[in-house]
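Undergrad: can't give you the sequence, but here's the structure:
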Ligand SMILES: CC(C)(COP(=O)(O)OP(=O)(O)OC[C@H]1O[C@@H](n2cnc3c(N)ncnc32)[C@H](O)[C@@H]1OP(=O)(O)O)[C@@H](O)C(=O)NCCC(=O)NCCS
């Protein structure tokens, strides 16, 4: 498995990966909608990283670097294909993302996780993210987001 920057050629398989996710379907993600938002992310300078194995793309990390909130970067999405989980792919994507945020001189990495997504919450907590609050109905009515933050100056160089 290797991690690479996404290119425009990756948009169609990435849109399929996103639209195939049960989690993202709860947020109304469709193949066309995913392709459109991935395309605007790439054109707008977001950092999109793909995890590749023999079969092609098996994961995506989507990072937006900002100067807002004391130079926070935002991990918009971390997603590993169902059949490729528990092999270190999520960890490798997260480490690559943290290095990119640190290189962009961001001081924090922030992210939102659906509160009911236990597996992802344990994953982030193991990787040094602190749960700092909840945002009911923030991204979608009826769904509460847990807000996590990691201090990159303290441990984001991984
Ligand atoms: C959360 C998520 C990204 C984790 O990805 P992953 O590739 O399974 O993560 P990793 O393999 O790096 O680590 C997870 C597990 O594998 C273990 N692991 C880490 N490296 C490993 C390796 N080299 N070999 C075997 N297992 C490993 C970890 O200890 C961890 O253990 P667990 O399965 O008991 O929890 C993935 O579950 C996912 O895509 N979920 C749906 C989307 C989502 O919830 N995203 C987060 C909100 S945006």
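TA: Perfect, thanks for sending it. Being a predicted model, the structure only gives us computed values, none of them experimental. Residues are numbered from 1 along each chain as shown.
Undergrad: Around the ligand, pick out the residues from this structure.
TA: Counting by Cβ under 6 Å from any ligand atom, the chain comes close to the ligand at 23, 77-80, 85-91, 113, 117, 119-120, 123. Every residue, glycine included, has its C-beta placed from N, CA and C.
Undergrad: One more pass at 5 Å, please.
TA: Contact residues (Cβ under 5 Å from any ligand atom) of the chain with the ligand: 23, 78-80, 85-86, 88-91, 113, 117, 120, 123.
Undergrad: ok, these vs residue 147, which is closest?
TA: Set against residue 147, the nearest of the residues of the chain next to the ligand by Cβ to Cβ is residue 113 (8.5 Å).
Undergrad: would residue 34 count as being in a strand?
TA: No - counting by DSSP: H, G, I helix; E, B strand; the rest coil, residue 34 is not found in a strand; it is helix.
Undergrad: Tell me how many other residues crowd residue 43.
TA: Residue 43 has 9 neighbours, counted by other Cβ atoms under 10 Å.
Undergrad: Can you name the residue of the chain nearest to the ligand?
TA: The minimum distance from the chain to the ligand, using Cβ to the nearest ligand atom, falls at residue 90 (2.3 Å).
Undergrad: and that residue, which of the three is it?
TA: Residue 90 is classified as helix under three-state DSSP.
Undergrad: Low-confidence stretches in the chain?
TA: Segments of the chain classed as low confidence (criterion: pLDDT under 70) are 154-158.
Undergrad: unless I'm mixing things up, the residue of the chain closest to the ligand is touching residue 81, no?
TA: No - in this structure, residue 90 is not within contact of residue 81 by Cβ atoms under 8 Å, at 10.7 Å.
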